[in-house]
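> Let me see the structure of the following:
(one chain, ligands or ions: 1)
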Amino acid sequence: MSPSSLCSLQASPPISHALLNRHHKPAHDSTAGVRNRTPYVVSSERSSTASTRSADDYHATLKALNSKGRFPRKSLGQHYMLNADINDQLAGAAGVEQGDVVLEIGPGTGSLTNVLLNSGAFVLAVEKDKHMAALVSERFSSTGKLKVLTEDIVKCHVRSHMSSLVGSINPESRKAKVVANIPFNISTDVIKLLLPMGDIFSEVVLLLQEETAVRLVVSSLRTPEYRPVNVFVNFYSDPEYKLKVPRSNFFPQPNVDAAVVSFKLKLPSEYPQVSSTKSFFSMVNSAFNEKRKMLRKSLQHICTSLEIEEALTSIGLLATSRPEELTLDDFVKLHNLIAKE
Ligand SMILES: C[S@@+](CC[C@H](N)C(=O)[O-])C[C@H]1O[C@@H](n2cnc3c(N)ncnc32)[C@H](O)[C@@H]1O
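Sure, this is the predicted structure:
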């Protein structure tokens, strides 16, 4: 499916009237009365809409940041979402409902957290910036349904935090979900961390840089974009490109557009059968290391060229195949024929 054929959500600068008229008033929100130290100035044009704006629009985001004297930090990818419709779409893509346990990465000022809590979920939020962690904790302290960890998600023991939470919050073991607007620079790390957790999460819905979203989900065989990460994503999940999110929806505006992607995680029993995932992904990486090389050359460290040619032809492929010509299924079959334990 081409991303150009998919719908996109626009917020015409600064924010569309349709949005301003939404009256998205959260049930639990204690930021309304925060003191304004004004490192940012709210323009008169924007403030004229004050009576109709939604809770997490431009004004509320500035107010929340000002209350802690914070400026968005580029190094932490702090581009805050100003469009409540997109937060609704993120939660909707994961089917978040009453009783769910949701992992949110980087809650920031809490605009998405607000939507998740209002959907009835318990939220575990992992935020690297201690100031934002404090802000979001205070904002939703009255709900009793938010736990904030001031940690780097990449170094976080997600599995142990989630296992205790899913067990204690929902003993019927409904699986948890991930819904997050993450900094673009940690996308690959987050995907590598979370997709193999199909025993814990049923859905991972992320707002990613659009280019990354296309590369992960739409890249197909025989294209220069096809990479080991595509084999990885398809090994652990069924990915879907949901919608494009233009850069005008963020504050501060990034230099690139974004997109919502959902990864429906496979259960461990549904993963392709390989003797060892480590040796499987090591073979896939070696195959792509020298992409223009035929597999019978690039995989010679595993077995002889002749054995590789025989394996390829026995699964219906040309003996001269290159990595970009193999599907996930082809790689699995090839691995199972040539990998030595
Ligand atoms: C793109 S902003 C999104 C904020 C908020 N969720 C929103 O939609 O407005 C990314 C957030 O992730 C946080 N962050 C950055 N790096 C992180 C990391 N390694 N682990 C956890 N949080 C991180 C930032 O401090 C920031 O709050």
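
> ok, is stretch 104-123 in contact with the ligand or not?
Yes: counting by Cβ under 6 Å from any ligand atom, the ligand has neighbours in stretch 104-123: Ile105, Gly106, Pro107, Gly108, Thr109, Ser111, Leu112. Every C-beta, even on glycine, is put in place using the N, C-alpha and C of the backbone.

> just the residues you listed now: which is nearest Phe281?
Nearest to Phe281 among the residues of stretch 104-123 next to the ligand, counting by Cβ to Cβ, is Ile105 at 23.4 Å.

> right, and the closest one touches Val123 too?
No: contact between Ile105 and Val123 fails when scored by Cβ atoms under 8 Å: they sit 11.0 Å apart.

> Pro254 - how many residues pack around it?
Neighbour count for Pro254, taken as other Cβ atoms under 10 Å: 15.

> Does it belong to a helix, a strand or coil?
Classification of Pro254 into helix, strand or coil gives coil, according to DSSP: H, G, I helix; E, B strand; the rest coil.

> residue contacts, it?
Applying Cβ atoms under 8 Å, 6 or more residues apart in numbering, we find Pro254 in contact with His79, Phe184, Arg247.

> Write out the residues of the protein neighbouring the ligand.
Near the ligand, when you scan the chain using Cβ under 6 Å from any ligand atom, you find 76-81, 105-109, 111-112, 126-129, 132, 152-154, 181, 183, 186.

> PyMOL command to pick out the buried ones of those?
In PyMOL, a selection of the buried entries from these looks like this (16 or more other Cβ atoms under 10 Å):
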select buried, resi 76+77+78+79+80+81+105+106+107+108+109+111+112+126+127+128+129+132+153+181+183+186
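
> From the residues of the chain next to the ligand, which land in helices?
Of the residues of the chain next to the ligand, the ones assigned to helices by DSSP state H are Ser111, Leu112, Met132.

> what's the nearest residue to the last one if we skip its chain neighbours?
Think Met132. If the residues on either side of it in the chain are set aside, Met132 comes closest to Gly108, at 5.4 Å by Cβ to Cβ, 6 or more residues apart in numbering.

> Dihedrals phi and psi, that neighbour?
With angles defined as degrees, to the nearest 10, Gly108 shows backbone torsions of phi 60, psi -130.

> Hmm, it is touching Glu127, no?
Yes: shown here, Gly108 and Glu127 form a contact pair, counting by Cβ under 8 Å, at 7.4 Å.

> shared neighbours, those two?
Overlap between the neighbourhoods of Gly108 and Glu127 consists of Val136, taking contacts as Cβ under 8 Å, 6+ apart.

> Which residues are in contact with the closest residue to the ligand within the stretch 1-150 of the chain?
Of all residues in the stretch 1-150 of the chain, Gly106 sits closest to the ligand, at 2.0 Å by Cβ to the nearest ligand atom. Contact analysis of Gly106 by Cβ under 8 Å, 6+ apart lists Leu76, Gly77, Val126, Glu127, Lys128, Met132, Ile153, Ala180, Asn181, Ile182, Pro183.

> redo that, cut-off 6 Å
Shown in contact with Gly106 (Cβ atoms under 6 Å, 6 or more residues apart in numbering): Glu127, Ile182.

> pull the CA atoms of the helix or strand containing Arg159 into PDB?
Assigned by DSSP states H and E, Arg159 falls within helix 158-169. Only the C-alpha atoms of helix 158-169 are listed here, as PDB (Å, rounded to 0.1, in the frame of the first residue of the first chain):
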ATOM      1  CA  VAL A 158      10.300  -3.000  30.300                       C
ATOM      2  CA  ARG A 159       9.600  -6.700  30.600                       C
ATOM      3  CA  SER A 160       9.900  -6.800  34.400                       C
ATOM      4  CA  HIS A 161       8.000  -3.500  34.900                       C
ATOM      5  CA  MET A 162       5.200  -4.700  32.600                       C
ATOM      6  CA  SER A 163       5.000  -8.200  33.900                       C
ATOM      7  CA  SER A 164       4.400  -7.100  37.500                       C
ATOM      8  CA  LEU A 165       1.900  -4.500  36.300                       C
ATOM      9  CA  VAL A 166      -0.100  -6.600  33.900                       C
ATOM     10  CA  GLY A 167      -0.300  -9.300  36.600                       C
ATOM     11  CA  SER A 168      -1.400  -6.900  39.300                       C
ATOM     12  CA  ILE A 169      -3.700  -4.700  37.300                       C
END
